[in-house]
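J.: Below are the sequence and a predicted model for it; my questions follow.
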Amino acid sequence: MKHITFILGVIAGSMLLISCNSDREQATGDSGFAEVSEAKIDSLINQMTLDEKIDLIHASSSFTSGGVPRLDIPELVFSDGPHGVRHEHGRGWYALEDADDEATYLPVGISLASTWNKDLGYDYGEVLGNEAKQRGKNVLLGPGINIIRSPLNGRNFEYLSEDPFLTGAMGVGYVQGLQAQGVAACPKHYTANNQETDRHNIDALISKRALHEIYLPAFRDVVQDGGAWSIMGAYNKVNGQYTTHHEYLNNVVLKGDWEYDGVVLSDWASVKDTREALLYGTDIEMGTELLRDFNNPVYDEFYLANPAKEMIENGEIDEQLVDEKVRRVLRLMHRTTALTDHGPGKRNVEEHQQKALEVAREGIVLLKNDEMLPIDRTEVKTLAVIGHNANRRFAGRGGSSQVNAFYEITPLEGIRNLVGEDVEVVFAEGYEPYYDESLFRGEGGDAASQSRENRQDVELARTANEDLMQEAVNIAEEADAVIFVGGWIHGHEGMPWGQGTYDAEARDKLNLKLIFGQEDLIRQINSVNDRTAVVLMGGSNVEMENWLPDTPAYLHAWYPGMEGGTAIAEILFGEVNPSGKLPMTFANSHEDYPSHSIGEFPGDGTVDYAEDIYVGYRYFDTQNKDVLFPFGFGLSYTTFEFSNLQVSKQEDRVTVQTTVTNTGDREGAEVVQVYVHHKDPSVERPIRELKGFEKVQLDPGASATVTIELDESAFMYYHPENLEWVLESGSYEVQVGNSSRDIKMREEVVW
Ligand code: BGC
């Protein structure tokens, strides 16, 4: 389903820096450029023994599944992860010591979504595809497209948004850019993997309506519009059945309604039952659980190995079910580098670093600016840079998404590089990470996902370090301006094994309180220097009421990748005008989110999604609840005006057209966001739902006409009893704005 086409014209003023990616879509087509011969696949299957077929449907090492050497069918080679090709494991479970595996470390998924720039989604995928191909990988395990349901989920940084449309739109570009290199995308984790606590067993109780309106659409988009060649099942259950072998999700929806012809890959050890995996759509089983002894793997004992063979041999299951899985595996091999030559790929090249920089520049979100930014470097002689995160490297952390970065520029380095000799930069760490079990929830880190750097136990202070704090306050007092860089940390560094994880696998946050004494530190800095800009890292927001009112400027930088420090410095000093927009609502505390105030998080055995379709702004806006920063919000150093909204309806489509003018005095980019609202629905519906967006870059004084087309699916809802999509007749409002709480114009349209 496609909601948007994009036409852009310049009405007045100078050049418009926008490019459409229609040529790119044509290059990849719906199912990719490699035409697969089904007859050839059938003939291969006919030549295979049952043992050989079984080899193709389960792991043969940590990141390969089996091949058939007799028929020249290679193993399939997988690699994490969503924002960079992970370090090498060889066939085992630990990072190889001397591998040539340095890679481009892109800003994390939520940064990409914050750009609201679909072209960058494609470019991001293209970088990953080239690097994966150069490293001999056939399938890259990304993008992570689970919906951000609670800000406490430890993997939100890997995901994109609380909104299914934004997630789908950015995910489609990623998948197409990646697969254009001949490397399969593997969108994950299908589906409703919205927490890490008890992730292997939790049963998410979700209505069919919420599944279809919130948790499934992005997967549908990457399958139908992106043409994804593989998809990864999740660990959790949905409504009583494990998602990796879920009859409804896999057989009815994905392979049935959506006509998906690719592979359903398990998550690592997410298969829990041979019979269900055979019957309900799992095509390849990967895993860790049955290894028992890391040095002595027992892949033959996987659910889709000997136990599956026995079930077929004793007639319990029809062999055709295995043939169907093998058919999908072979199709994937033909589409990808496994069996088709797609050229050499490239890695750690300048253009990839440039893409990492572009995503960081556009993904950082300026949330508050009381005339402090940009900093004029001719007016600042001494600049205090404070905070552990100002000089921390993040790439090698966070669980399976860790990357052995070719390099990583920290904010401190980025600032020093930019100001050169002009400004004296004084650094103080201010606080240090410490381990406090009471701050975490969940089962702890995954031993198998430790990088080489992380395998050390370091004794650390158990409370905030007063000396570091005092030193920081002293330099803040002397400085002309302060940049504080803090927030969450990412991964296990310096912590007892598997502990101390915030934004990482297998742990959720307990609340949004700023950790390691940072709140106190920011308050003290604010009290001695009223020119303090706060830059926060992390896969979510934090509580801010105790420091934000006295803080003149605040930027949210997520984890901005290998060029993140450069981008942060460029924005602080005005070399780049910020244009990121929040892909999730920032509310005061986690308790304000509907997953906590109405539904459950993290539940106990089961987790009730009682908030139903009211996730994120759908809830906050419909209920008119206060938030700190709304969905879609982000400031610029220039100003924009929206005018001239025209909404016209053709037979099966609505065309929305509006003019955006840069009314300030510097170049900048704005995101036109189109929301839809049914005025008098027969079933309750959110007050607004995002159905289209486009980012426009404008010189000062320039205007552009943005045209966004909505097809009828943009106006539909999923009927809770009839269990089908319905286009209800009646009067709708098309709302156009630059955040969900700043609707600038509305027009009615009648279906
Ligand atoms: C994660 C996946 C990852 C896989 C392989 C699992 O624990 O959930 O996202 O791709 O491991 O590392």
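T.: Yep, that arrived. Quick caveat, the model's predicted, so the values are computed rather than measured. Numbers count the residues shown, from 1 in each chain.
J.: Could you look up the next helix or strand downstream of the strand or helix carrying residue 672?
T.: Using DSSP states H and E, residue 672 falls within strand 668-678. Next along the chain after strand 668-678, taking DSSP H and E as the criterion, comes strand 689-698.
J.: Tell me which other helices or strands the very next helix or strand once past that following strand touches.
T.: Later in the chain than strand 689-698, the nearest helix or strand by DSSP H and E is strand 703-711. Strand 703-711 sits against strand 6-12, strand 653-662, strand 668-678, strand 689-698, with contacts defined as 3 or more CB pairs under 8 Å, 6 or more residues apart in numbering; DSSP states H and E. All C-beta atoms are positioned from the backbone trio N, CA, C, and that covers glycine.
J.: Spell out which parts of the stretch 501-650 of the chain neighbour the ligand.
T.: For the stretch 501-650 of the chain, the residues in contact with the ligand (CB under 6 Å from any ligand atom) are residue 505.
J.: ok, 8 Å please
T.: Counting by CB under 8 Å from any ligand atom, the stretch 501-650 of the chain comes close to the ligand at 505, 506.
J.: next one: the stretch 251-400 of the chain
T.: Residues of the stretch 251-400 of the chain lying near the ligand by CB under 8 Å from any ligand atom: 267, 268, 269, 270, 286, 288, 399, 400.
J.: try 5 Å
T.: When proximity is defined as CB under 5 Å from any ligand atom, the stretch 251-400 of the chain approaches the ligand at 267, 268, 400.
J.: Show the contacting residues for the nearest residue to residue 233 once chain neighbours are set aside.
T.: Nearest residue to residue 233, sequence neighbours excluded (CB to CB, 6 or more residues apart in numbering): residue 244, at 3.1 Å. Residue 244 is in contact with 233, 234, 235, 264, 266, 267, 270, 271, 272, 277, 282, counting by CB atoms under 8 Å, 6 or more residues apart in numbering.
J.: again, 10 Å this time
T.: Taking CB atoms under 10 Å, 6 or more residues apart in numbering, we find residue 244 in contact with 189-190, 232-237, 250, 264-267, 269-273, 276-277, 280-282, 285.
J.: Got phi/psi on it?
T.: Dihedral pair for residue 244: phi -70, psi -30, per degrees, to the nearest 10.
J.: hmm, back to that, check pLDDT for the residues of the stretch 251-400 of the chain next to the ligand and point me to the minimum.
T.: Within these, residue 400 has the lowest pLDDT, namely 89.
J.: which regions of this protein sit below the pLDDT cut-off?
T.: 1-35, 289-297, 435-462, 491-501 (pLDDT under 70).
J.: same thing but at 80, please
T.: By pLDDT under 80, the low-scoring segments of the chain are 1-36, 93, 288-297, 434-464, 490-501.
J.: tell me which residues in stretch 46-58 are buried?
T.: By neighbour count with 16 or more other CB atoms under 10 Å, stretch 46-58 contains the buried residues 48, 52, 53, 54, 55, 56, 57, 58.
J.: ok, so of these, who is nearest the ligand?
T.: Each of the buried residues of stretch 46-58 was checked against the ligand using CB to the nearest ligand atom; the closest is residue 58, at 14.7 Å.
J.: so what's the closest one up against?
T.: Contacts for residue 58 were tallied using CB under 10 Å, 6+ apart; they are 65-66, 266, 271, 277, 282, 284-287, 290, 299-306, 308.
J.: Using PyMOL, make a named selection holding only the buried ones among the residues you listed.
T.: Restricted to buried positions by 16+ other CB under 10 Å, the PyMOL selection for those reads:
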select buried, resi 65+66+266+271+277+282+284+285+286+287+290+299+302+303+304+305+306+308
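J.: Take the contacts of residue 58 and keep only those in strands.
T.: Mapping the contacts of residue 58 onto strands (DSSP state E) picks out residue 65.
J.: And for residue 41, the neighbour number?
T.: Residue 41: 19 surrounding residues under other CB atoms under 10 Å.
J.: Tell me which helix or strand the nearest residue to it once chain neighbours are set aside sits in.
T.: Spatial nearest neighbour of residue 41, chain neighbours left out: residue 330 (4.6 Å); criterion: CB to CB, 6+ apart. Residue 330 is part of helix 319-335 when elements are defined by DSSP H and E.
J.: Just the buried residues of that helix, please?
T.: Quick answer for helix 319-335 (16+ other CB under 10 Å): 321-335.
J.: Of those residues, which is the nearest to the ligand?
T.: Using CB to the nearest ligand atom, the buried residues of helix 319-335 come closest to the ligand at residue 332, 16.3 Å.
J.: wait, what's in contact with the closest one?
T.: With contact set as CB under 10 Å, 6+ apart, residue 332 has these partners: 36, 76, 138-139, 184, 186, 229-230, 261-263, 265, 283-284, 338-339.
J.: Now intersect the residues you listed with the strands, please.
T.: Using DSSP E, the contacts of residue 332 in strands are 76, 139, 184, 230, 263, 265.
J.: will you turn the residues of the stretch 251-400 of the chain next to the ligand into a markdown table that also has neighbour count and distance to residue 508?
T.: Output for these, formatted as a markdown table (neighbours: other CB atoms under 10 Å; distance: CB to CB, whole Å):
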| residue | neighbour count | distance to residue 508 |
| --- | --- | --- |
| 267 | 25 | 17 |
| 268 | 23 | 19 |
| 400 | 23 | 16 |
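J.: Which of those residues sits closest to residue 746?
T.: residue 267 (42.9 Å; CB to CB).
J.: and residue 614, how many neighbours?
T.: Per other CB under 10 Å, the neighbour tally for residue 614 reads 22.
J.: before we move on, which element is it in?
T.: Applying DSSP H and E, one finds residue 614 in no helix or strand.
J.: can you pull the contacts of residue 746?
T.: 645, 647, 675, 677, 733, 734, 735, 736, 737.
J.: cutoff 8 Å now
T.: With CB under 8 Å, 6+ apart, residue 746 has these contacts: 645, 733, 734, 735, 736.
J.: and these, which of them are in strands?
T.: Among those, the members falling in strands (DSSP E) are 645, 733, 734, 735, 736.
J.: Quick check: the farthest pair among these?
T.: Pairwise distances among these were taken by CB to CB; the largest, 11.3 Å, belongs to 645 and 733.
J.: So for those two, which residues contact both of them?
T.: Common contacts of residue 645 and residue 733 (CB under 8 Å, 6+ apart): 746, 747.
J.: what about the nearest residue to residue 587 once chain neighbours are set aside, how many neighbours?
T.: Leaving aside its chain neighbours, residue 587 sits nearest to residue 627 (4.8 Å; criterion: CB to CB, 6+ apart). Neighbour count of residue 627, defined by other CB under 10 Å: 21.
J.: out of everything not next to it in sequence, what's closest to whichever residue of the stretch 301-450 of the chain sits closest to the ligand?
T.: With CB to the nearest ligand atom as the measure, residue 400 is the residue of the stretch 301-450 of the chain nearest to the ligand, at 3.5 Å. Of all residues not flanking residue 400 in the chain, residue 80 sits nearest, at 4.5 Å (CB to CB, 6+ apart).
J.: which SS state does the residue in the stretch 451-600 of the chain positioned nearest to the ligand fall under?
T.: The stretch 451-600 of the chain approaches the ligand most closely through residue 505 (5.9 Å), counting by CB to the nearest ligand atom. Here residue 505 is recorded as coil under DSSP: H, G, I helix; E, B strand; the rest coil.
J.: How about the contacts made by whichever residue of the stretch 51-200 of the chain sits closest to the ligand?
T.: Residue nearest to the ligand within the stretch 51-200 of the chain (CB to the nearest ligand atom): residue 141, separated by 3.9 Å. By CB under 8 Å, 6+ apart, residue 141 lies in contact with 78, 79, 80, 81, 82, 186, 188, 232, 400.
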